[in-house]
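**Student:** structure here, sequence nowhere to be found:
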């Protein structure tokens, strides 16, 4: 990959991180993503949808950033489902098993993520839904992690350390401290 | 109700459906009066492994004529020590006249189900603590209620088919009250949205009833207004709820059910191409995931097959 190409990915991931921060500011698990329509000419890359986690707001544990962004794209009525074949996803955290198979059904071209998702990750951590050869209905896609990984981890850690003021009986999290060291 | 006559089958975990795998150990026949001496020797001299907690130390074989028996003792795993090293150890303790080790195969894993236990103990006796909650236990009345819910899901699939949609129907039911809280069907065709699967739609509609586009049931309640029983659980949408769906949920929908903390899932037809609750993956029992639920398959499958669709 050329340096120029790397910079492009970092720039897009920066935008996904801004959405993750917005999620954090709204007491949501801080995950953000954008869908980018790729074209052969670099100048033509265009963001067609974005999303961030809304599981608390909607009281619905499946309203992950990816599904929010996908629904935004369909709601806009500017694109049909074919558009995802020419799209890359930039998401701050590795997609979960649910989103990993959603992306496969959409025939996504490529996924770039920040940090791994050890609890639910569907593109390598728990399962490898994106590449599993026995899933023959939709083509596999490749997935590449590590873009602004540390920033994504710190945001998640900040979220889990913060006392959830909205909880009726807040869990005491005084003993939890923000670890800044990243292996 | 007897398990054999249930109208559905439990979808077992990898551990529950595992067939016999063996591991090699050294054993030796011993005289009954010498067993305590032998056990002391094993405890003090032989490498012991925690992976052997599920097997018994001593096997008693009753002779075929019914008169007398032979005792055999399990010494240790073969890969922890070579036979020559073991024989040297035995010689050193002057036990070569009473211990004569040979290789034997035993079950590698503990038995979880009674079927496994009955089969695997033939090799070597194993410990077995049956978990009574593991076996499905339904009364005839419960079965009738469950059937009525599944029929409702099938009706939704028929409705979907008549609307030109893929014929998959799904409902969410409160396990305790039996109330139907949400119902939906596959809407991929009309919405031109490849993710509008019945199960996902049903979860979304439970969280936002105003989105419901099909007539709501008369006993429909707004789940957002339900009383929060438990502080931590109020955000878990499907806690204590059962799902009835005509076809095995795909991997995406199966994981959505984990995220929603569903109680139980009943489905009709299996989905070999993308099923996440038994066919391609066993998401409901996967040890790495933080929520597990019981899943039953094959429920009113004949009626669903008549819908003649593939998912």
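**Tutor:** Great, that's in hand. None of these values were measured; they are calculated from a predicted model. Numbering: from 1, shown residues only, chains lettered A, B, ... in the order given.
**Student:** hey, where'd the helices end up in chain A?
**Tutor:** Secondary structure of chain A, counting by DSSP state H: helices at A:3-25, A:65-76, A:97-105, A:149-161.
**Student:** repeat that for chain B.
**Tutor:** Along chain B, counting by DSSP H, helices occupy B:14-17, B:35-45, B:83-92, B:114-120, B:140-162, B:188-191, B:198-207, B:251-259, B:301-305.
**Student:** tell me which of those sits most buried.
**Tutor:** Among the helices of chain B, helix B:251-259 has the highest mean neighbour count (mean count of other C-beta atoms under 10 Å in any protein chain shown), at a mean of 29. No exception for glycine: its C-beta is placed from N, CA and C like everyone else's.
**Student:** OK, contacts around residue B:292?
**Tutor:** B:284, B:285, B:286 (C-beta atoms under 8 Å, 6 or more residues apart in numbering or on different chains).
**Student:** same thing but at 6 Å, please
**Tutor:** The neighbours of residue B:292, taking C-beta atoms under 6 Å, 6 or more residues apart in numbering or on different chains as the test, are residue B:285.
**Student:** dump the helices of chain B to CSV, plus mean pLDDT and distance to residue B:59.
**Tutor:** Output for the helices of chain B, formatted as CSV (pLDDT from 0 to 100; distance: least, C-beta to C-beta, whole Å):
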stretch, mean pLDDT, distance to residue B:59
helix B:14-17, 90, 24
helix B:35-45, 92, 12
helix B:83-92, 93, 18
helix B:114-120, 94, 13
helix B:140-162, 96, 42
helix B:188-191, 96, 58
helix B:198-207, 95, 49
helix B:251-259, 97, 42
helix B:301-305, 89, 43
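**Student:** pipe these into JSON lines and attach distance to residue A:77 per row.
**Tutor:** Shown next, in JSON lines, are the helices of chain B (distance: least, C-beta to C-beta, whole Å):
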{"stretch": "helix B:14-17", "distance to residue A:77": "44"}
{"stretch": "helix B:35-45", "distance to residue A:77": "75"}
{"stretch": "helix B:83-92", "distance to residue A:77": "75"}
{"stretch": "helix B:114-120", "distance to residue A:77": "54"}
{"stretch": "helix B:140-162", "distance to residue A:77": "23"}
{"stretch": "helix B:188-191", "distance to residue A:77": "11"}
{"stretch": "helix B:198-207", "distance to residue A:77": "19"}
{"stretch": "helix B:251-259", "distance to residue A:77": "23"}
{"stretch": "helix B:301-305", "distance to residue A:77": "34"}
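**Student:** and the ones you listed as TSV, adding distance to chain A?
**Tutor:** Listed next are these as TSV, based on distance: least, C-beta to the nearest C-beta, whole Å:
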stretch	distance to chain A
helix B:14-17	13
helix B:35-45	40
helix B:83-92	40
helix B:114-120	26
helix B:140-162	18
helix B:188-191	7
helix B:198-207	4
helix B:251-259	4
helix B:301-305	20
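**Student:** shaky segments in the chain?
**Tutor:** Using chain A here. Chain A contains residues with pLDDT under 70 at A:40-43, A:163-175.
**Student:** um, chain B though
**Tutor:** B:1-4, B:209-235, B:308-311.
**Student:** most distant residue from the middle of chain B?
**Tutor:** The outermost residue of chain B relative to its centre, with distances by C-alpha atoms, centre = their mean, is residue B:94 at 48.8 Å.
**Student:** okay, the residue nearest to residue A:179 when sequence neighbours are not counted and residue A:115: tell me how far apart.
**Tutor:** Leaving aside its sequence neighbours, residue A:179 sits nearest to residue A:157 (C-beta to C-beta, 6 or more residues apart in numbering or on different chains; 6.3 Å). Separation of residue A:157 from residue A:115 (C-beta to C-beta, to the nearest Å): 10 Å.
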